[in-house]
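Chemist: for reference, the sequence and a predicted model appear below.
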Amino acid sequence: MSELELEAIRLSLEVATAAVLGSLPIAILVAWVLARKEFPGKSILDGVVHLPLILPPVVVGYLLLVTLGRNGVIGGFLFDVFGITLAFTWKGAAVAAAVVAFPLIVRSIRLSLEAVDGGLEQAARTLGASPSRVFATVTLPLASPGILTGSILGFARSLGEFGATITFVSNIPGETRTLPIALYTLTQVPGGEMGALRLVVISIVVALAALVVSEIIARRLKARLGS
Amino acid sequence: MNEVVNIIDVDIECERGDFKLRTKFVSEDRVIALFGRSGSGKTSIVQCLAGLLKPSSGHIRIAGETLFDASANINVRPEKRRIGYVFQDARLFPHLRVRGNMTYGMNLLSADQRRHAPDDIAEMLGISGLMERLPETLSGGERQRVAIGRALLASPKLLLMDEPLAALDNDRKSEIMPFIENLRDQLGVPIVYVSHAIEEVVRLADTMVVLADGQTLATGDVEDIMSRLDLRPHTGRFEAGAVINVWVIGHDDPNMLTELGFGAGSIWVPKLEFERGTPLRLRLRARDIGLSLVAPTQSATMNVFQGRVVDIEDVSTVRSPHVDVLVNIGAPIIARIARKALNDLNIKNGDTVFASVKTSAIDRQSLGLGRRRK
């Protein structure tokens, strides 16, 4: 494989991993709130969470650019206070991937949280466990298959992210040129067909590998959870 | 004199949708049974005791400690109550092995709060060999024993058992019953036992609370409650009968019999494996007792007692060819006779009658270990 290809693979994996790991805690929190709490405005929160799923990715990318760009409200704050720049960096690519993957992750975790038997949580309370301990020792382990599924879905969605990424962080070799963007770039230059084909094959291999790994983990989890 | 501290002092009202519950009882006994049909409010009461359900008013005090008091705005959180709860459906954590389940509550206690060791409890419950198994590989009876062990290892001040045997078949029931008797007699944990099966109540409990439709109909000693004909619609007809306190007088080995004494005489039953002097509680089912106006002669029934009719079930309230009659033979017992026989023999309150008890009708399920009177 060429230097360029290797770099695209490495960057894609990094961006997708960061996107999933970074959004997971928030996704679990939001999923828990949606699964267990009743409050006014719940359907609005539900809608906002699902928005990236139905909006065109380019719109998501543009909104990110407007809010998180150096001149955006949040982006300006991040730069002034922490010196963090998101636009046109790989971190920005991770944020874009996280935002579009978020609804998929939340959805799957929410379903598994709803399936956790509340009676088991009650039993843990009577055994002396505080609500936060119950969550950590009973709820989360029992919801772990859903958390895994959500993570895999989110990872796959992040790997394939194109529209929001190219709008928000552009196409910078070594910084934001992930696999799909590299592939797109090759299709735009004369004689790039061979390279594009190689990237297609690489994409398929990476996706299949992720699927196999997740299947193995899922089986182990199932055996451990006894169902 | 020290003030007597009731183990349980409950006086609560609780609303759950349309269902209203009102109950009030105190007990200083080792085992108190909440008895009633499903929907009578038994489970709501134990959920209130455990803190899983909040009463709308009243108070709950356990061993002198106030866990709930609406007027003082006290509502101790479930995890702070130290009340063990054995659920009907066991509710073992499926992702933990038996050992992990058993020690879940114990691990949250400081070392000086732990009263039992896991291995001792496992041995007492006969589950030592199951410690590394996952709950899904256990039988129903094994799961329930693990659930009991898990609750005990959290060193509770009170153990709630909500129909722990209801989901099990009869073999499993008789498999677990001795373990429950053991923990009552050996560990000294007070127990609130919820059941709709009168034979479990009689075998285990000292005090019982009879519930129907969220109302508390009666509270008192098991023997007293069981001899009340007015509670008959609630204590059930088929398995119904009086409970009398007896002790083992002696055994007749060649004939495989045991003689049990009560206030005014003795009764012969199939041989029991209890030592002489053991106090027992004997349930005599009404349908196993017959009545006659003259002493039966040349009868094959060994147990015949002369007594006086104290109460007769109100015929107008019963849709049955049978009527229950309360007879005092030195202890109150209940006989079930045909409605026609009652009329033909013209049996009235105050009449002298002879009650005969079938020896074969009495088995281990009819007996509970009697309370040790102070």
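Modeler: Thanks, I have it.
Chemist: where does chain A come near chain B, residue by residue?
Modeler: Residues of chain A that fall close to chain B, judged by CB under 8 Å from any CB of the partner chain: A:117, A:119-120, A:122-130, A:133, A:137-138, A:141-142, A:224-227. Quick note: C-beta positions are derived from backbone N, CA and C, even for glycine.
Chemist: run through chain B and note the low-pLDDT ranges.
Modeler: Where chain B drops to pLDDT under 70, the residues are B:1-5, B:236-239, B:371-374.
Chemist: kindly report the residues of it close to chain A.
Modeler: So chain B meets chain A at B:50-52, B:77-85, B:87, B:89, B:91, B:93-95, B:104-105, B:108-109, B:134-137, B:150-151, B:154 (CB under 8 Å from any CB).
Chemist: and those residues, which of them are in helices?
Modeler: Of the residues of chain B next to chain A, the ones assigned to helices by DSSP state H are B:50, B:78, B:79, B:80, B:81, B:150, B:151.
Chemist: now, of the residues of chain B next to chain A, which are buried?
Modeler: B:50-52, B:78-79, B:81-85, B:87, B:89, B:91, B:93-95, B:104-105, B:108-109, B:134-135, B:150-151, B:154 (16 or more other CB atoms under 10 Å in any protein chain shown).
Chemist: got phi/psi on the closest residue to chain A within chain B?
Modeler: Evaluated by CB to the nearest CB, chain B has residue B:105 as its residue closest to chain A, separated by 3.3 Å. Torsion angles at residue B:105 (phi, psi; degrees, to the nearest 10) stand at phi -80, psi -40.
Chemist: contact partners for it?
Modeler: Going by CB atoms under 8 Å, 6 or more residues apart in numbering or on different chains, residue B:105 touches A:127, A:128, A:129, B:84, B:150, B:151, B:153, B:154.
Chemist: got the end-to-end distance for stretch A:116-134?
Modeler: 12 Å (CA to CA, to the nearest Å).
Chemist: now do the helices in chain A.
Modeler: Going by DSSP H, chain A shows helices at A:3-36, A:42-54, A:57-68, A:73-82, A:90-115, A:118-126, A:131-134, A:140-160, A:163-169, A:179-188, A:193-225.
Chemist: just give the nearest non-adjacent residue to the residue in chain A positioned nearest to chain B, would you?
Modeler: Of all residues in chain A, residue A:127 sits closest to chain B, at 3.3 Å by CB to the nearest CB. Excluding the flanking residues, the one nearest residue A:127 by CB to CB, 6 or more residues apart in numbering or on different chains is residue B:105, at 3.3 Å.
Chemist: which residue packs closest to residue 161, ignoring adjacent ones?
Modeler: Because you didn't say which chain, this covers chain A. residue A:97 (4.5 Å).
Chemist: oops, I was thinking of chain B
Modeler: Using CB to CB, 6+ apart, the nearest residue to residue B:161 is residue B:86, at 4.6 Å.
Chemist: can you count the residues close to that neighbour?
Modeler: A count of nearby residues for residue B:86, using other CB atoms under 10 Å in any protein chain shown, gives 27.
Chemist: hmm, it is touching residue B:147, no?
Modeler: Yes - with contact defined as CB atoms under 8 Å, residue B:86 reaches residue B:147; the gap is 5.2 Å.
Chemist: next, show the common contact partners of these two.
Modeler: residue B:164.
Chemist: which residues are in contact with residue A:112?
Modeler: The contact partners of residue A:112, by CB under 8 Å, 6+ apart, come to A:142, A:143, A:144, A:145, A:146, A:147, A:149.
Chemist: most neighbours out of these, which is it?
Modeler: When neighbours are counted by other CB under 10 Å, residue A:143 leads the contacts of residue A:112 with 26 neighbours.
Chemist: quick one, strands of the stretch 151-300 of chain B?
Modeler: Taking DSSP state E, counting those that start in this stretch as the criterion, the stretch 151-300 of chain B carries its strands at B:158-162, B:191-195, B:207-212, B:215-221, B:241-252, B:257-262, B:265-270, B:279-285, B:289-292.
Chemist: next one: phi and psi at the nearest residue to residue A:66 once chain neighbours are set aside?
Modeler: Distance criterion CB to CB, 6+ apart; nearest residue to residue A:66, sequence neighbours excluded, is residue A:72 at 5.5 Å. Main-chain dihedrals, residue A:72, degrees, to the nearest 10: phi -80, psi 170.
Chemist: in the worst-scoring helix or strand of chain A on mean pLDDT, what counts as buried?
Modeler: Ranked by mean pLDDT, DSSP states H and E, the weakest helix or strand in chain A is helix A:193-225, scoring a mean of 86. Within helix A:193-225, the residues that qualify as buried are A:195, A:196, A:199, A:202, A:203, A:206, A:210, A:214, A:221, A:224, A:225, counting by 16+ other CB under 10 Å.
Chemist: what about stretch A:33-49, how long is it end to end?
Modeler: End-to-end distance for stretch A:33-49: 12 Å, by CA to CA.
Chemist: what pLDDT, on average, does that stretch get?
Modeler: Averaging pLDDT along stretch A:33-49 gives 93.
Chemist: return the set of buried residues in that stretch.
Modeler: For stretch A:33-49, burial by neighbour count (16+ other CB under 10 Å) applies to A:33, A:34, A:35, A:46, A:49.
Chemist: how about those, which pair is most distant?
Modeler: Spatially, the most separated pair among the buried residues of stretch A:33-49 is A:35 and A:49, at 12.2 Å (CB to CB).
Chemist: returning to that earlier point: kindly provide the distance from the residue nearest to residue B:161 to residue B:353.
Modeler: Note on residue B:86: its distance to residue B:353, by CB to CB, to the nearest Å, is 44 Å.
Chemist: next: residue A:29.
Modeler: 74 Å.
Chemist: list the contacts of residue 114.
Modeler: Since you didn't name a chain, this refers to chain A. Here residue A:114 is in contact with residue A:35 (criterion: CB under 8 Å, 6+ apart).
Chemist: looking at chain B here, not the other one
Modeler: So residue B:114 contacts B:106, B:153, B:155 (CB under 8 Å, 6+ apart).
Chemist: make it 10 Å
Modeler: B:103, B:105, B:106, B:107, B:153, B:154, B:155 (CB atoms under 10 Å, 6 or more residues apart in numbering or on different chains).
Chemist: what about stretch B:35-44, distance to the chain center?
Modeler: Taking CA atoms, centre = their mean, to the nearest Å, the mean C-alpha location of stretch B:35-44 is offset from the chain mean by 14 Å.
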